[in-house]
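# following is a predicted model, sequence given first.
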Amino acid sequence: MKLVVVGCGQGGSNIADEFVAMAQWVYKNRNIRLFTGSGKDPICKGVFAINLGAGDLYQLKNIPHTDDHSILLGTTDEFRGRGAGKVNADGAEQARRGEKKIIRTIQDYGDVHSADAIMVIGTTAGGTGSGSVGVVCDLLKDKFNKPVYAMMVLPFKSQYNDPDSVVNTATCLKKVLTNSKADAVFLIDNQKFVRENESMLFNYGEINRRIANSFMDILCVGEETDRKYIGEVLDANDLIRAFQGLIGIGQSIEEVPPKNKSGFFLDGKKKAQHFSVGKQQIERAKSAVDQALKDLSIDCDYRESNKILYDADYVFGLFSGPSHEATEEIIEVMESSLAESVPGASRRKGTYPGRSSNTIAITVILSGIGSGDTMNRVQWFYEEAEKMMSMVKEDREKRKQKWDEVSRSAQNLPDL
């Protein structure tokens, strides 16, 4: 699946930057282009960053700081490259005002006609990204008539008591989920990827890498051209036809015992076709599927009869690993596990054999997520934002009343 990727705001642009880093690794190691362009075009040809803050654009490592990739908005307004100050209404307005600049840059330099879809990325709690992601989805859908997917990243739990973060998140969700032309929305929960003993700088980088890398195999498998790595393909049309509503993506990786050419494991034990080898393969695959569901980008599970289940219209499972691990029995295990965990969902499966020699990876995508924790989370943001807006308004009125009382005490003093 070949993409054009557009990062909005600091967080969205940093994730887009990690997509480029991942794509560079893929091209070097697999000779596959994940973005638009061909031949000698740079890997980042179809990737763009949009921001109101010039400083945020300077931080990008893989997206060029040139006007054919970095789109600075608000240069003719009062913002002067200083950002939206966490006011997402300004982010939305500046994206509308910058429509011609955004469209012209992506049209002239993005080779959009060769893309299967466009991905627009933004974090929900800030200013520029939160406000602009839905607007940019609309602009690109109207102009290019391609599938447009939004990726929205929810804030950390430490931000759940901050009125600005909660209100921005709620209004961003409302715009993108209800009032935008996005064909589907990937929802990412920052909190799921946090390592509590690490610095926030480390966490931000690690989260962005994990988000980008979770898409690696699902994007590669349909673009693979080397016959020895082609299995049961999940191509772009399989994904496009089923991507709808809210989407969660997860990937898990399990190590495979290494073998040498003599037919022995490196630890000296015989490879022999013992029944326990197949048993271990099945257990490994089952564990990888379970972990991929646990590691979905957003919690979307619910409990029924003491079972953890998931509600979605579609579920995708992609197996990637050594060819000898991609047996029919293992693929059946993956499919039956997904059928049991996501009852009633239409299923698509794929295999990507041979690209890895020492790990198996399972990528799981749930599309059209319904009842479960995801819906509860979205509802919580809507309801909590309304409460916080009322509280903030009430607190401001109280402070104003107090200052009015203080000011009246100075009425009889002379003016300077």
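Ah, there it is.
# which residues in the stretch 151-300 of the chain form strands?
184-189, 245-255 (DSSP state E, counting those that start in this stretch).
# what strands line up against the longest one, and which way round?
It refers to strand 245-255. strand 184-189 (parallel), strand 359-369 (antiparallel) (DSSP bridges).
# and the longest one, average pLDDT?
What it means is strand 359-369. When pLDDT is averaged over strand 359-369, the result is 95.
# nearest to residue 128, of the strands of the stretch 151-300 of the chain?
Closest to residue 128 of these, according to CB to CB: strand 184-189, at 17.6 Å. Every residue, glycine included, has its C-beta placed from N, CA and C.
# name the residues of the closest one that come out as buried.
184, 185, 186, 187, 188, 189 (16 or more other CB atoms under 10 Å).
# could you count how many residues lie near residue 335?
Other residues within reach of residue 335 by the criterion other CB atoms under 10 Å amount to 17.
# follow-up on the earlier one: residue 314: which of the buried residues of strand 184-189 is nearest?
residue 184 (10.4 Å).
# now the nearest residue to residue 49 once chain neighbours are set aside: how far from residue 286?
With CB to CB, 6 or more residues apart in numbering as the criterion, residue 49 has its nearest non-adjacent residue at 3.8 Å, and that residue is residue 13. Distance, residue 13 to residue 286, by CB to CB, to the nearest Å: 38 Å.
# what's near enough to touch residue 253?
288, 359, 360, 361 (CB atoms under 8 Å, 6 or more residues apart in numbering).
# does it have beta-bridge partners, and which?
residue 361.
# picking up where we left off before, export the strands paired with strand 245-255 to TSV and tack on distance to residue 151?
Listed next are the strands paired with strand 245-255 as TSV, based on distance: least, CB to CB, whole Å:
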stretch	distance to residue 151
strand 184-189	4
strand 359-369	13
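# among those strands, which is nearest residue 1?
Using CB to CB, the strands paired with strand 245-255 put strand 359-369 closest to residue 1, at 11.7 Å.
# beyond the closest one, next helix or strand please.
Note on strand 359-369: by DSSP states H and E, the next helix or strand toward the C-terminus is helix 373-408.
# can you tell me how far the residue positioned nearest the centre of the chain is from residue 250?
Against the mean C-alpha coordinate of the chain, by CA atoms, centre = their mean, the closest residue is residue 151 at 4.7 Å. With distances taken as CB to CB, residue 151 is found 14 Å from residue 250.
# same deal with residue 300?
10 Å.
# which of those two has more residues huddled nearby?
residue 300 (26 against 20).
# so who does the more buried one touch?
By CB under 8 Å, 6+ apart, the neighbours of residue 300 are 246, 248, 310, 311, 312, 366, 369, 372, 373, 374.
# might one say that the first one is in contact with residue 187?
Yes. With contact defined as CB atoms under 8 Å, residue 246 and residue 187 form a contacting pair (5.6 Å).
# are there residues contacting both of those two? Which ones?
298, 369, 374.
# from what I can see the first one touches residue 189, true?
Right, residue 298. Yes. Taking CB under 8 Å as the definition, residue 298 is a contact partner of residue 189 at 4.9 Å.
# which neighbours do the two share?
With CB under 8 Å, 6+ apart as the test, residue 298 and residue 189 both reach 154, 377.
# correct me, but the residue nearest to the centre of the chain touches residue 123?
No. Counting by CB under 8 Å, residue 151 stays clear of residue 123, with 9.6 Å between them.
# anything in contact with each of the two?
Joint contacts of residue 151 and residue 123 (CB under 8 Å, 6+ apart) are residue 12.
# tell me where the stretch 51-200 of the chain has helices.
54-58, 88-97, 99-109, 128-144, 163-173, 200-213 (DSSP state H, counting those that start in this stretch).
# what pLDDT, on average, does the third one get?
Spelled out, it's helix 99-109. For helix 99-109, the per-residue pLDDT averages 97.
# which parts of it are buried?
101, 102, 103, 105, 106, 109.
# now the last one
By 16+ other CB under 10 Å, the buried positions in helix 200-213 come out as 203, 204, 207, 208, 210, 211, 212, 213.
# how is the chain partitioned into domains?
Following automatic domain parsing, one finds the domains of the chain at 3-213, 244-373.
# wait, residue 175 touches residue 91, no?
No. The criterion here is CB under 8 Å, and residue 175 misses it with residue 91 at 10.7 Å.
# compare the two (neighbour count), which wins?
The neighbour count for residue 175 versus residue 91, taken as other CB under 10 Å, is higher for residue 91 (33 against 24).
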